[in-house]
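Sharing a model prediction with you, sequence too.
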Amino acid sequence: MVRTKKLPPVGIIGGSGLYQMAGLIVDELRVVETPWGLPSDPYMTGSVNGTPVVFLSRHGKGHRYLPSEINYRANIAGLKSLGVERVLSVSAVGSLKEEIPPGMMVVVDDFIDLTKKREMTFYGAGAVGHTGFGDPVCPQVAGSFLDATQKLGYSSHKGGTYVCIEGPSFSTKAESRLYRSWNADVIGMTNATEARLAREAGLCYATLALATDYDCWHPDHDMVTVADVLAVMHDNVEKANAILLEAIGKLPERTCNCASALKTSLVTDHSVIPEKTRKNLKFLGIL
Ligand SMILES: CSC[C@H]1O[C@H](OP(=O)(O)O)[C@H](O)[C@@H]1O
Ligand SMILES: Nc1ncnc2[nH]cnc12
């Protein structure tokens, strides 16, 4: 694609099995402190074919944080402070559908959030905000993922509902069957939280989910183990990297509605917001 303008930095969040990005020429490791604390790692900043890119490993180098321990607010706020406007996430997921076999990519377009003990908002502490999340995924970023998988000839599933559980244990059979009865497509432990915070921060967000297993519902497959997940990720990491590179190149100029959340969510009269909260909201561009 011939661009008329240089893109602002593109954020990449890598999940299980994707702790760095092939093709990213790293210039710097940036430690960023946010009002919500430290992100999972220093950000790897650099460029891909001339486009500035910021990479973060969601679980940190060496996979140190449980899904419930990840500081999602710091991760998202840190990206925002580095000028990122769009986030491409990669995640390992269990498949809840026969027709999504391990190895297949799913470009998720909806979530069912079953998490219970996470910080999932930037609001509070004297500032009330309610953000629309009816369409939780940026259509442009999702579209770039889909175009990229198509161009590269990889089989992918357009759209899909991601059930986000608290973890860290995998689901029981009864739970897995329940999620299937809801017609959900894939299951993971991280993305609903990340997507919600990205939207509050006015960032575009979409996920390339790689099915690594059939969770525990499938009568003809063994129950999921960490070893299976990492082995399938390992076998497909080149594909995921190739899709990321292609998708970055396919991102159009930003004309979606995701950033409007910044200006349409806050309810509280600005004059009564405490100074510290005001500063935090300014960090995100909400005030
Ligand atoms: C290592 S298996 C469970 C683990 O994998 C997924 O991680 P991510 O979404 O960061 O790719 C899942 O959400 C769990 O955190
Ligand atoms: N079956 C599964 N359940 C939850 N998270 C996962 N990540 C990869 N496979 C998973």
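Looks like it came in fine. Ligands and ions are numbered 1, 2, ... in the order given.

Stretch 18-30: which residues count as buried?
Residues of stretch 18-30 classed as buried by neighbour count (16 or more other Cβ atoms under 10 Å): Leu18, Tyr19, Met21, Leu24, Arg30. (Each C-beta comes from the backbone N, C-alpha and C, glycine too.)

for stretch 52-70, same thing?
For stretch 52-70, a neighbour-count test (16+ other Cβ under 10 Å) marks 52-60, 63, 65, 67, 70 as buried.

Is ligand 1 within reach of it?
Yes. Stretch 52-70 is in contact with ligand 1 by Cβ under 6 Å from any ligand atom, via Arg58, His59, Pro67.

can you give me how far that stretch is from the chain middle?
Averaged C-alpha coordinates place stretch 52-70 at 11 Å from its chain's average position (Cα atoms, centre = their mean, to the nearest Å).

So what's the gap between the lowest-mean-pLDDT helix or strand in the chain and the chain middle?
Counting by mean pLDDT, DSSP states H and E, the weakest-scoring helix or strand in the chain turns out to be strand 156-158, with a mean of 92. Relative to the centre of its chain, strand 156-158 is centred 17 Å away, using Cα atoms, centre = their mean.

do stretch 95-110 as well
Worked out by Cα atoms, centre = their mean, stretch 95-110 lies 16 Å from the chain centre.

Ok, stretch 148-165 next?
Centroid displacement of stretch 148-165 relative to its chain, using Cα atoms, centre = their mean, is 14 Å.

now swap in stretch 194-201 and tell me
Here the centre of mass of C-alpha atoms in stretch 194-201, compared against the chain's by Cα atoms, centre = their mean, lies 9 Å away.

residues making contact with that stretch?
13, 58, 72-73, 75-77, 80, 87, 89, 111, 113, 120-123, 129, 131-133, 136-137, 204-205, 207, 258, 261-262, 265, 284-286 (Cβ atoms under 8 Å, 6 or more residues apart in numbering).

where's Val54, which helix or strand?
Taking DSSP states H and E as the definition, Val54 sits inside strand 51-57.

quick one on the thing from earlier: show me what the least confident helix or strand of the chain packs onto, helices and strands only.
The contact analysis (3 or more Cβ pairs under 8 Å, 6 or more residues apart in numbering; DSSP states H and E) places strand 156-158 against strand 105-107, helix 139-152.

can you tell which of the ones you listed is closest to ligand 1?
Among the helices and strands packed on strand 156-158, the nearest to ligand 1 by Cβ to the nearest ligand atom is strand 105-107 (12.4 Å).

Enumerate every residue touching the residue nearest to Lys61 when sequence neighbours are not counted.
Spatial nearest neighbour of Lys61, chain neighbours left out: Asp41 (5.4 Å); criterion: Cβ to Cβ, 6 or more residues apart in numbering. Asp41 sits next to Leu56, Ser57, Gly60, Lys61 when contact means Cβ under 8 Å, 6+ apart.

quick one, phi/psi of Asp41?
When read as degrees, to the nearest 10, the backbone of Asp41 gives phi -160, psi 170.

Ok, the one 4 residues further on next?
Here is the backbone geometry of Thr45 (degrees, to the nearest 10): phi -110, psi 140.

Same check on the one 4 residues further on?
The main-chain torsion angles of Asn49 are listed as degrees, to the nearest 10 and equal phi 50, psi 40.
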